[in-house]
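Undergrad: Could you work out the structure for the sequence below:
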Amino acid sequence: MSEWFSEIWRSREILYFLAWRDVKVRYKQAVLGVAWAVLQPLFTMVTFSFFFGRLAGIPSDGVPYPLFSYAALLLWTYFAVTLAQVGNSLINNSALITKIYFPRVLLPAAAAFGGLLDLVVGSVFLIAMMIYYRVTPHWTALLTPIFVAQTVLLVMGAGMLLAAMNVRYRDVKYTIPFLTQIGLFVTPIIYPVSFLPHRFQGWLALNPMTGVIQGFRACLFGGGSFDWDVMGASWIVTLLLLLIGSLHFRSTERVFADIV
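TA: Predicted coordinates:
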């Protein structure tokens, strides 16, 4: 395994070019370009704010509901969109895999890092929303990159596992959007964790994005204490997925060129 990581480190320049290529291909013929990084969570936020914030009256922990939901959607959109790209990265680059050799893990890694541009652009709009609603960020906002990094690790762990499975079983690419759609409602994006009955809150902690979203909001708005149990469970699941995904990817990558 150490040799694998050494090989990846030596190929870091390839990772940069692959990530930059993915970014350029994504927006090459898009009329609005990187504006889609804001429009997608923005439109979703407007819909959620009307139906769940205004009509259903779901609480938002003292934060304006549009800001409450957009902060969560910022990370969730990156997770959902990038997970699909990482999961399909090997299939989409089958011609490249069969022609030359390089560490195959660079393809899902490039998709994961390439999606960070959208996250950065969306974060600018989040800052603008905080200024509009006159919400002063807490000093713990400096810790938000920790949860961004955790989301990247989670995307890589789950994405490597799905990408390797997708080479053998092409049904996987159809299950990824289905799983992320379900995940949208079992992650505290529309509602705070405290909104659910206590008996369900423990089960929600098994979803690693629960700790990510909850910790990100707590750091950004400083409106409540950190739920260390939820965040601890989130990190355990994240690192476990990263380990399982890496081991499975490593054990199967030698046959990718033959199957893909």
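Undergrad: Can you tell me the SS state at Pro137?
TA: Three-state call for Pro137 (DSSP: H, G, I helix; E, B strand; the rest coil): coil.
Undergrad: got the contact list for it?
TA: Shown in contact with Pro137 (Cβ atoms under 8 Å, 6 or more residues apart in numbering): 130, 220-222. C-beta: built from backbone N, CA, C; applies to glycine.
Undergrad: cool, Ala80 as well?
TA: So Ala80 contacts 180, 183-184 (Cβ under 8 Å, 6+ apart).
Undergrad: Make JSON lines out of those residues and add neighbour count.
TA: Compiled in JSON lines, the contacts of Ala80 are given as follows (neighbours: other Cβ atoms under 10 Å):
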{"residue": "Thr180", "neighbour count": "17"}
{"residue": "Gly183", "neighbour count": "16"}
{"residue": "Leu184", "neighbour count": "18"}
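Undergrad: Going by distance to Gln201, which of the residues you listed wins?
TA: Gly183 (16.8 Å; Cβ to Cβ).
Undergrad: Please, which helix or strand holds that closest one?
TA: helix 172-185 (DSSP states H and E).
Undergrad: Give me the mean pLDDT for that helix.
TA: The pLDDT scores in helix 172-185 average 89.
Undergrad: ok so, going back, of the contacts of Ala80, which is the nearest to Val230?
TA: Out of the contacts of Ala80, the member with the shortest distance to Val230 (by Cβ to Cβ) is Gly183, at 16.0 Å.
Undergrad: How about the contacts made by the closest one?
TA: 80, 207, 209.
Undergrad: and if we set it to 7 Å?
TA: When contacts are counted by Cβ atoms under 7 Å, 6 or more residues apart in numbering, Gly183 touches Met209.
Undergrad: quick one: it and Thr77, what's the gap?
TA: Distance, Gly183 to Thr77, by Cβ to Cβ, to the nearest Å: 12 Å.
Undergrad: do Tyr70 as well
TA: From Tyr70 to Thr77 the distance is 10 Å (Cβ to Cβ).
Undergrad: Please apply the same query to Thr175.
TA: Distance from Thr175 to Thr77, counting by Cβ to Cβ: 19 Å.
Undergrad: Which secondary structure element is home to Leu161?
TA: Per DSSP H and E, Leu161 falls inside helix 144-168.
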